[in-house]
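Asks: Below is the sequence, then the predicted model.
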Amino acid sequence: DYRGELLREENRQSTLSTEVALLRKSIEKRRLRIECLKAARAAALAAETAGKDTRISSAATARVDLHALFAAFADMHRVCEQSEARCGFSVWDELQLERVVTSTMHPHLARLFRAWDPLEFPRLLQDVLGPLRRYAKVGSDVSEAREMTPLESLLAATLVPRLKQFLFTEWDPMADSLIELLDVLPQVTVAAISQDIGSVLQRHVSALDPRGIMDRYGLAKRSADGSEPDGLQPTPSSAPLPLEALRVDRAVMPWLPFIDDHRELVSSIRRKLCAALDRWEPSKTNNKDIVALVTPWIDFFQGRDLQRLCAKIAERLEAMLCSSFEFNAHKQSVWPFKVLVKWHGVLPFSTWFSLVRSQVLPRFLDYLGRWLEDPGADYAEVADWYWQWRQQYPAAMFEHGDVQQQFRRALVLMASALARREQQGTDR
């Protein structure tokens, strides 16, 4: 019994010692925690004081004027990192110091953005948001179910109203490129103005007068070529608008990834392009401009919009071939065919080759057949003419079986004519 009692006493003493050690460790941990929280609170108070002392003169001086405040945020963040290393928990998150950063910045950003001209000081967002992102997080998605971070809420209250006002009252999409601003904005902020961007772009596209632009463009081209009749030269007061007025791809395309639903905008652009093409009379001088105008959209359009634009281009090219192109070995006008060839690789091959098959190859074979039937035809000259025309076509075109078949027909015609002539010579 004595030994048992002694053993039990030793166990109680050991347990008590362990509990005392744990209690001392807990007390030390709590003491460290209190020290860390006090240090962080002191740093936060210093940051708030720096915020009250900060004065921003203008957007041009914002980076310099905010230097002391950003330095206070850096000190607060450094204290929290050191405290976390000592205490083993995130003092920054515990005290929600991210909200201290955003609440301190709120009055300054509200005044700063209210008078901000994005065109005059495009670097302001980088100067302000660049340092802030070290201390305030942004989300990685734009889900409506996700709660905004403190920084996103701050921008929604201070920056977004100014951006909306600027877009609707001051922004010219054709002259002012704002796309670089989006690189520093959180996705949710971009999403907040995407509908406004789409509305402004739609308004700009709707205001275009494609027929008038094309009429003035055509007048300018004819004047430059010296083919405009006297009395119809453009006067300074009616100087032609450049075709650049229709190059909305440069203004619109960079924004399309940021606009949730741009189907109506894209269809409006397609209708404007088709209206412009109604006034297009293909020629060797304007073909390059029109190719440059529509190529970005042919690459972008899908489905019905692509089909309708390509059909309109094909319609105008077909009218050109019908009115201006014929085969004549002795007085050949080649430019309409060269205009057509420039569209190879721009139009879908099926659309482009349908023009060759309906407007070029039948005439080619018909002219070749009639020439071969001429008793005085020089077959060497015919063969040379054939090969010269064959070389006018893009090499890639001959990878298609339909093309090879049409040119085999021409070779069969020449071989048959040569055989007939040889047979006639033998009969004599």
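Replies: Structure received.
Asks: Please count neighbours and contacts with C-alpha atoms only from this point.
Replies: Will do.
Asks: Quick check: which ranges of the stretch 51-200 of the chain have low pLDDT?
Replies: Within the stretch 51-200 of the chain, the stretches with pLDDT under 70 are 140-145.
Asks: er, the stretch 301-428 of the chain actually
Replies: 425-428.
Asks: One more pass at 80, please.
Replies: For the stretch 301-428 of the chain, the stretches with pLDDT under 80 are 400, 402-403, 421-428.
Asks: how about the helices of it, start to end?
Replies: 303-324, 335-342, 349-355, 361-373, 379-390, 401-427 (DSSP state H, counting those that start in this stretch).
Asks: just checking, what packs against the first one?
Replies: If I follow you right, that is helix 303-324. Here helix 303-324 touches helix 263-278, helix 287-300, helix 335-342, helix 349-355, going by 3 or more C-alpha pairs under 8 Å, 6 or more residues apart in numbering; DSSP states H and E.
Asks: in the chain, which residue is closest to the centre?
Replies: Nearest to the geometric centre of the chain sits residue 254, at 2.6 Å (C-alpha atoms, centre = their mean).
Asks: now that residue: how far from residue 198?
Replies: The gap separating residue 254 from residue 198 is 12 Å, by C-alpha to C-alpha, to the nearest Å.
Asks: Other residues contacting stretch 123-141?
Replies: Applying C-alpha atoms under 8 Å, 6 or more residues apart in numbering, the contact partners of stretch 123-141 are 59-60, 62-63, 70, 73, 77, 98, 101-102, 118, 148-152, 181, 184-188.
Asks: For that stretch, list every residue counted as buried.
Replies: Of the residues in stretch 123-141, 123-125, 127-129, 131-132, 135-136, 138 count as buried by neighbour count, 16 or more other C-alpha atoms under 10 Å.
Asks: could I get the helices and strands packed on helix 303-324 as a markdown table with mean neighbour count and distance to residue 416?
Replies: Below are those laid out as a markdown table (neighbours: other C-alpha atoms under 10 Å; distance: least, C-alpha to C-alpha, whole Å):
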| stretch | mean neighbour count | distance to residue 416 |
| --- | --- | --- |
| helix 263-278 | 18 | 44 |
| helix 287-300 | 16 | 39 |
| helix 335-342 | 17 | 28 |
| helix 349-355 | 15 | 27 |
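Asks: hmm, back to that, dump the helices of the stretch 301-428 of the chain into CSV; add distance to residue 210 as well.
Replies: Below are the helices of the stretch 301-428 of the chain laid out as CSV (distance: least, C-alpha to C-alpha, whole Å):
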stretch, distance to residue 210
helix 303-324, 14
helix 335-342, 22
helix 349-355, 24
helix 361-373, 34
helix 379-390, 36
helix 401-427, 36
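Asks: Would you map the strands across the stretch 1-150 of the chain?
Replies: Read by DSSP state E, counting those that start in this stretch, the stretch 1-150 of the chain holds no strands at all.
Asks: Who are the contact partners of residue 255?
Replies: By C-alpha under 8 Å, 6+ apart, residue 255 lies in contact with 179, 197.
Asks: Can you report how many residues lie near the spatially closest residue to residue 377 that is not a sequence neighbour?
Replies: With sequence-adjacent residues excluded and distances taken as C-alpha to C-alpha, 6 or more residues apart in numbering, residue 377 is closest to residue 371, at 6.5 Å. Residues within reach of residue 371, counting by other C-alpha atoms under 10 Å, total 16.
Asks: buried ones in the helix or strand where residue 162 lies?
Replies: Following DSSP states H and E, one finds residue 162 within helix 160-169. By neighbour count on 16+ other C-alpha under 10 Å, the buried set for helix 160-169 is 160-164, 166-167.
Asks: measure residue 39 to residue 275 for me?
Replies: According to C-alpha to C-alpha, residue 39 and residue 275 sit 69 Å apart.
Asks: Make JSON lines from the buried residues of helix 160-169 and add distance to residue 417 to it.
Replies: Output for the buried residues of helix 160-169, formatted as JSON lines (distance: C-alpha to C-alpha, whole Å):
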{"residue": "160", "distance to residue 417": "78"}
{"residue": "161", "distance to residue 417": "80"}
{"residue": "162", "distance to residue 417": "79"}
{"residue": "163", "distance to residue 417": "75"}
{"residue": "164", "distance to residue 417": "75"}
{"residue": "166", "distance to residue 417": "74"}
{"residue": "167", "distance to residue 417": "71"}
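Asks: Return the member of these nearest to residue 35.
Replies: residue 160 (39.9 Å; C-alpha to C-alpha).
Asks: ok, now how distant is the closest one from residue 311?
Replies: 42 Å.
Asks: ok, now residue 413?
Replies: Computed with C-alpha to C-alpha, the distance linking residue 413 and residue 311 is 33 Å.
Asks: ok so, going back, helices - which of the buried residues of stretch 123-141 land there?
Replies: Those of these mapping onto helices are 124-125, 127-129, 131-132, per DSSP state H.
Asks: Dump the residues you listed to JSON lines, plus distance to residue 339.
Replies: Shown next, in JSON lines, are those (distance: C-alpha to C-alpha, whole Å):
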{"residue": "124", "distance to residue 339": "49"}
{"residue": "125", "distance to residue 339": "48"}
{"residue": "127", "distance to residue 339": "51"}
{"residue": "128", "distance to residue 339": "53"}
{"residue": "129", "distance to residue 339": "51"}
{"residue": "131", "distance to residue 339": "55"}
{"residue": "132", "distance to residue 339": "56"}
